[in-house]
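just a sequence and a predicted model for now, questions to come.
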Amino acid sequence: MMEKNLNSFLIILLIKLISFVSNIHANEVLGCGGFIKSSADLDFSKVEVALYTTQGSLKVKTDCSPSNGYYFIPLYDKGNYVIKVNPPPGWSFEPESVDVQFDGVNDICSLGKDINFNFKGFGITGKVQIYGNKTPAKGVQVELKSENNQKIGHTYTDSNGIFSFTPIIPGKYIVKATHEKWHFLNSEHQVTVQTGNTEIPANSLIVSGFNVVGRVLSEGFGGFAGVGLLLYNLKGQNTISKCVERNIPAISNTDSRYDEKPLCYTTTNKPNGEYIFENISSGKYLIVPYFENKNIKFHIEPKFLEVEVLKDTLTVPNSFDVSGISVSGKILVGPNGRGIPNANIKINGRDVAVTDKNGGYTLDNINTGTYTIQVTADNVQFNDHTVKISITNPALPDIYVNGFKVCGQVVSKTSHNVAITKQASTYHTEISTEANSGAWCLYLSNGKYLVEVLTSSEEKARGIQFFPLSQTIEVDSSPLDGIMFSQLKAMVIGQIKCLSDADISCHNTAVTLQALDSSGKIVSQPIVTNVKGGSYNFDNILPGLYEISVPNSKLCWESNSYRVNIKSAKESVPIFKHTGYIIAIASSHTTQISYKLKQVENAKSHEAILTPGLNSFCVEKAGTYDIKFSGCHLYDENVVKTFSTNSQTPLNVNAVKHLNTVKILSTDRVSDYQVKIFTSGKNVEEFVRFTTTGSKEDGYIVYKYDFYLKYDERVKITPVSDLMLFKPETKEIRGGSDCVDSAFEFTSTKGLLINGKTTPAINEAKITLAFPKNPELSSLVAMTNAKGEFKFGPIDSILSVELSAEKESYVFSSFDSATNTFKGHKLCEVIVTVKDESGNKLPGVLLSLSGAESYRKNLVTGEDGTIKFHSLSPSQYYLRAMMKEYEFQPNSKLIEVKEGATVVEELKGNRVAFSVYGSITSLNGEPFSNILVEAVSFDDHCSHHQEEATSEFNGHYRIRGLQPNCEYRVSLRSGNGINTNVDRSLPKEKIIRIENGDIRDVNFIGIHPITFVDVTARVCASQNDYYKSLKIYLYRRGSDTPLHSQRVDTPLNPKNKYNPCIMVFFPRIPFDGKSYSIELTTSLSDKNYKYNLPVAQFVANTSSYFTVLEFKPELRTENDLNQNSLSAIFLIALVGIIFFKQELAIELLTIVWNKVCTFVQEMLTKTKQKEISFEVDLDESEIDKIASSINAIKKKKSKKVN
């Protein structure tokens, strides 16, 4: 029996292993792999294999296994690629590259075939360096010559300044470096190749320096010649610059960081203002402009430029600008007047200067041109002035004051108009005073003025008059102030009567007076005074209707306001009588309160109902009252317990929680129910107990718990029991704005428990409980503990269940229901976890594991950042991590795996590049798939980096590997055979800048190519009756058979005088760029009508074509018919003349022949238009001659008969 069980277990173990290995294979990533092969002993770790696009853009690169030369490159997108081997400089391989058309199915990589590279030979390598700069010299042409100076070949240095020649046979050679712009210190070196690679010693080829090019410009003149430029070297900086050193001006540098004496000197001797310093070594320099002409003061900005020469000709990005000249002017009171100090000068609205004590100012560094000068100063006013400044006229005109500030006051709380009239002048103006202060100000020129306050008829009727009636003032080149007007006013008196227990708030209450208009509307600001000794008064009140009131916020009054019409110098107001004290309570919910006076023993209790919002009521006695609340709400801990009539603010009563009752309806009686709750805003779970109410509902035993919840507070309720099942299993209750008697009800029934374990004890094995006969139910999962134990339940006992166990690197037998156990067996494995620089798990990393017996496997990490290599035999394994946009530490590792062991490794990935995400859709939102999108950097420091990707079935794309701090131009690729299903995109391109993260939503709208042309014609006949005679044709050029023909439709009402024209829609024709024509024909008789048939020609190279064809026949007249009759007579006469008068016939035929030839020639010059009627024009003399000839013949015939 035991042997039978053991055999069964081994069979299950074998099946599990096969399934396990198959599953691992299914998760392998697609990519290209192979070996670097060599018969010689090579260090394979120095060889790199890279994946490029067919345009030469690098997609990804990897190094090779140092033990066997194995490499693997993951492929993310379908497309055409080139795999190249990148050996150390001078090494040669065959082949150097392999083209791959990756489709994910039938290509060499998808089929799992190796792409191998064979080592071929050695070479010469070297490096071109830049003096004083660790940066390599890129793009230098290096020529290889034999010992007898015969050219063998040439190449260019790469981005590291390295060059190589391979394969090279032993011998002596000369290496020479050249560049069209750069200067060299050492440009040649002799080298001998013997065995192996030959590396040229460092500093054998050195670039000595570069040119520094800049410009000096002048606004409005372009380049500015004649300016000198001095170059100063950074202190302590070694240089071998060989620039011009003679005739250097002795100008000392004031910047302590640079040498005092200049290193080089040059001038802008070109019309465009360009200057050049030649052969300048790498380093930092100071360029200072210098101008020798002392007669002209020019401003050159900036004063200096700091530049750094790196590894190429430096074009100084900033130019020196001759920015302007200096001009001066004055601000005066008037002609020959005193100057105005501290005046602010603006040029075109920008502050530029402030005048000195004499009113003078200077504008430094101003360009030539036309400017608007604006002047502002205290208590004076100026007009704007437009001036023209030029080098020949470096001066400004004097500017005089236009007006002086004049101020006064009308003593009134309301605004009035003040009229100002200039004597002996037509000048007149009005100004309104400020409402409160009565002040007014304006600017006036020198002269005498009459000032008066204007009052309306209504104001005069109310007795309002200002004194004096008018004033005469004189403005004499200075500001003027203190012009006063005032008015007479009345007094208002009244009394307050307070309760005996009233405090100072009543005796010193404030009384307010406000003016009213005739309709009783308030028309003025309130005037407030305080009661003293029970009385109050208001002084200086204008006559009119007023409202006098006392505040009703804390005190109760018999009446808190009266209206009084003030007509005399003294008016009395009715007495204000105090009746009680106002209590204000703001309540959040409807609730009932009771209150009673606290200081009085056995005081009577009063009740009140508070509604949501502000509530107020009066109490007759002053003092403190006790207050109590009743209801289903809970209030905050600071809720009021008393209120006082002395309180200055309303009391706030805020119910923060409301009753929500939850019930459990149980089929079985238990002591109580433990329920797990999770309340929003808390980070911990809590447990509460539902207790029985002793009652039943619909046969269920009722258990309940009262929750007091805040508004929108959420409580997730999950009943917990080892035996009972609940429906639902959990429920979230949300607090409302009021109480709820029954918020929710759970039902509870008894369930089934399942307990089991693994043999031997296996911790964290995944046990799955499935319901095969109930597929709508989700499977349950449990993890074993350290003892291998697991537990399920309670579950519904009527359900059919099925148990299974799994754990990576383990296989399990079927569940033995007799012993409630699983039997398990452990396999060898390597577990690799990859994390990013922040310690987070990193998905999408390709892990390549290779080892003895040709074992190799390439897998990609999931969301957990972990890969487990299963079913491994004991051996040494080589592990390598790869993912585009990341560098890993360590990059590779040798792992020793022993029998049954689990080896755990952790790798760290640092992100060094980023992605751009986007989509391509049509105008109607449909996705474009298989569209090639590229990102190309356009700044030099990013080396014009290029990456590309192909859009997926949903139109989405992702371009990987974009470098930080680089700007890219993202667009759809163009070219022959590329993106044939897209004509263009909107927009054409997008500019992005990569910082330290991915960029999303870089979307494009694709436009489908145009494949057809819509052709439409509008036929317009001169009359509606003509349409039924027309037929229209569409021809392709060179074909006599029409592509389409149809009769032209007839208008719905042909008798109508309105002629609508008829639209003709042809079938769509191909967008082929060929020529087509549209023609009209008619069934009208050419004997009765004269007409031209129009023809329209076009080329099918646009999406649509429209033309208008006009048909305008003319009815032939009687004269036309007579001409036709004459033609018939003419033909008959010709026949007769031919027989009887041959000489005359020949003469007539000659005339007719000439006419016919002329007519045919005219017909040939017309473009596809036909003149239907054939007419031969004969003048009257010719017709008479023909008629006389015919008559002569008739006469001869008559004589013969006789």
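Received the coordinates, thanks. Numbering: from 1, shown residues only.

which residues does the nearest residue to Asn367 once chain neighbours are set aside contact?
In space, not counting the residues next to it along the chain, Asn367 is nearest to Gly324; the distance is 4.4 Å by C-beta to C-beta, 6 or more residues apart in numbering. From N, CA and C alone the C-beta is placed, and that goes for glycine too. With contacts defined as C-beta atoms under 8 Å, 6 or more residues apart in numbering, the neighbours of Gly324 are Glu219, Phe298, His299, Asp364, Asn365, Ile366, Asn367, Thr368.

please report how far the residue lying closest to the third one once chain neighbours are set aside lies from Asn160.
The reference is to His299. Spatial nearest neighbour of His299, excluding adjacent residues (C-beta to C-beta, 6+ apart): Asn365 at 3.8 Å. Distance of Asn365 to Asn160, computed by C-beta to C-beta, to the nearest Å: 48 Å.

and what of Tyr581?
As defined by C-beta to C-beta, Tyr581 lies at a distance of 93 Å from Asn160.

same check on Tyr275?
If you go by C-beta to C-beta, the gap between Tyr275 and Asn160 works out to 33 Å.

circling back: ok, Tyr581 and Asn160, which is more surrounded?
Here Tyr581 and Asn160 are compared on neighbour count by other C-beta atoms under 10 Å; more neighbours surround Tyr581, at 25 against 13.

residues in contact with the closest residue to the more buried one other than its chain neighbours?
Of all residues beyond its chain neighbours, the one nearest Tyr581 is Thr645 (3.9 Å), with distances taken as C-beta to C-beta, 6+ apart. For Thr645, the set of contacting residues under the criterion of C-beta under 8 Å, 6+ apart consists of Lys554, Tyr581, Ile583, Val619, Lys621, Ala622, Gly623, Thr624.

hang on, the earlier thing: filter the contacts of Gly324 down to the buried ones.
Applying a neighbour-count criterion of 16 or more other C-beta atoms under 10 Å, the buried members of the contacts of Gly324 are Phe298, Ile366, Thr368.

tell me the least confident of these?
Model confidence across those bottoms out at Phe298, which has 71.

next up, the contacts around that one.
Under the criterion of C-beta under 8 Å, 6+ apart, the contact partners of Phe298 comprise Phe291, Val322, Gly324, Ile325.

buried members of those into ChimeraX, please.
The following ChimeraX line selects those of those that are buried, judged by 16+ other C-beta under 10 Å:
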select :322,324,325
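
switch the contacts of Phe298 over to JSON lines; also include distance to Lys893.
Rendered in JSON lines, the data for these read as follows (distance: C-beta to C-beta, whole Å):
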{"residue": "Phe291", "distance to Lys893": "67"}
{"residue": "Val322", "distance to Lys893": "65"}
{"residue": "Gly324", "distance to Lys893": "68"}
{"residue": "Ile325", "distance to Lys893": "73"}
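
looking at the contacts of Phe298, which is nearest Arg350?
Gly324 (13.9 Å; C-beta to C-beta).

partners of the closest one in the sheet?
With DSSP bridges applied, Gly324 shows beta-bridge pairing to His299.

max pairwise distance over the contacts of Phe298: which two?
Greatest spacing in the contacts of Phe298, by C-beta to C-beta: Phe291 and Gly324 (13.7 Å).

beyond the helix or strand of the chain with the lowest mean pLDDT, next helix or strand please.
Among the helices and strands of the chain, helix 2-26 carries the lowest confidence by mean pLDDT, DSSP states H and E, at a mean of 41. From helix 2-26 onward toward the C-terminus, using DSSP states H and E, the following helix or strand is strand 31-37.

and that following strand, C-alpha only, in PDB?
This file holds the C-alpha atoms of strand 31-37, laid out as PDB (Å, rounded to 0.1, in the frame of the first residue of the first chain):
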ATOM      1  CA  GLY A  31      15.000  39.100 -27.500                       C
ATOM      2  CA  CYS A  32      18.200  38.300 -29.400                       C
ATOM      3  CA  GLY A  33      21.100  36.300 -28.000                       C
ATOM      4  CA  GLY A  34      24.200  34.400 -28.900                       C
ATOM      5  CA  PHE A  35      27.900  34.000 -28.300                       C
ATOM      6  CA  ILE A  36      31.200  35.800 -29.000                       C
ATOM      7  CA  LYS A  37      33.400  33.100 -30.400                       C
END
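
check the average confidence over the next helix or strand after it, would you?
Counting by DSSP H and E, the next helix or strand C-terminal to strand 31-37 is strand 48-53. Model confidence over strand 48-53, given as mean pLDDT, is 90.

got it, and stretch 532-550?
Averaged over stretch 532-550, pLDDT sits at 85.

how about that stretch: buried residues?
Tyr536, Phe538, Ile541, Leu542, Pro543, Gly544, Leu545, Tyr546, Glu547, Ile548, Ser549, Val550.

how about those in TSV, adding distance to Ser748?
Output for the buried residues of stretch 532-550, formatted as TSV (distance: C-beta to C-beta, whole Å):
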residue	distance to Ser748
Tyr536	76
Phe538	79
Ile541	82
Leu542	84
Pro543	86
Gly544	81
Leu545	78
Tyr546	77
Glu547	71
Ile548	74
Ser549	68
Val550	67
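
among the residues you listed, give me the pair with the biggest separation.
Pro543 and Val550 (23.2 Å).

bridged to Glu745, which residues?
For Glu745, the beta-bridge partners under DSSP bridges are Lys663.

near it, how many other residues are there?
As a burial measure, the neighbour count of Glu745 was computed by other C-beta under 10 Å and equals 15.

how much space is there between it and Tyr708?
19 Å.

what about the helices in the stretch 351-500 of the chain?
Per DSSP state H, counting those that start in this stretch, the stretch 351-500 of the chain has helices spanning 457-461. These are given in chain order.

low-confidence stretches in it?
For the stretch 351-500 of the chain, the stretches with pLDDT under 70 are 390-395, 461-463, 465, 467, 488.

strands along that one, start to end?
Shown for the stretch 351-500 of the chain, the strands assigned by DSSP state E, counting those that start in this stretch span residues 360-366, 369-376, 380-381, 385-389, 399-400, 403-410, 417-422, 428-432, 439-444, 447-454, 470-475, 480-485, 490-497.

turn the contacts of Thr645 into JSON lines, including pLDDT, distance to Asp398 and secondary structure.
Converted to JSON lines, the contacts of Thr645 look like this (pLDDT from 0 to 100; distance: C-beta to C-beta, whole Å; DSSP: H, G, I helix; E, B strand; the rest coil):
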{"residue": "Lys554", "pLDDT": "83", "distance to Asp398": "68", "secondary structure": "coil"}
{"residue": "Tyr581", "pLDDT": "86", "distance to Asp398": "75", "secondary structure": "strand"}
{"residue": "Ile583", "pLDDT": "85", "distance to Asp398": "76", "secondary structure": "strand"}
{"residue": "Val619", "pLDDT": "84", "distance to Asp398": "80", "secondary structure": "strand"}
{"residue": "Lys621", "pLDDT": "84", "distance to Asp398": "82", "secondary structure": "coil"}
{"residue": "Ala622", "pLDDT": "84", "distance to Asp398": "78", "secondary structure": "coil"}
{"residue": "Gly623", "pLDDT": "85", "distance to Asp398": "81", "secondary structure": "coil"}
{"residue": "Thr624", "pLDDT": "87", "distance to Asp398": "80", "secondary structure": "strand"}
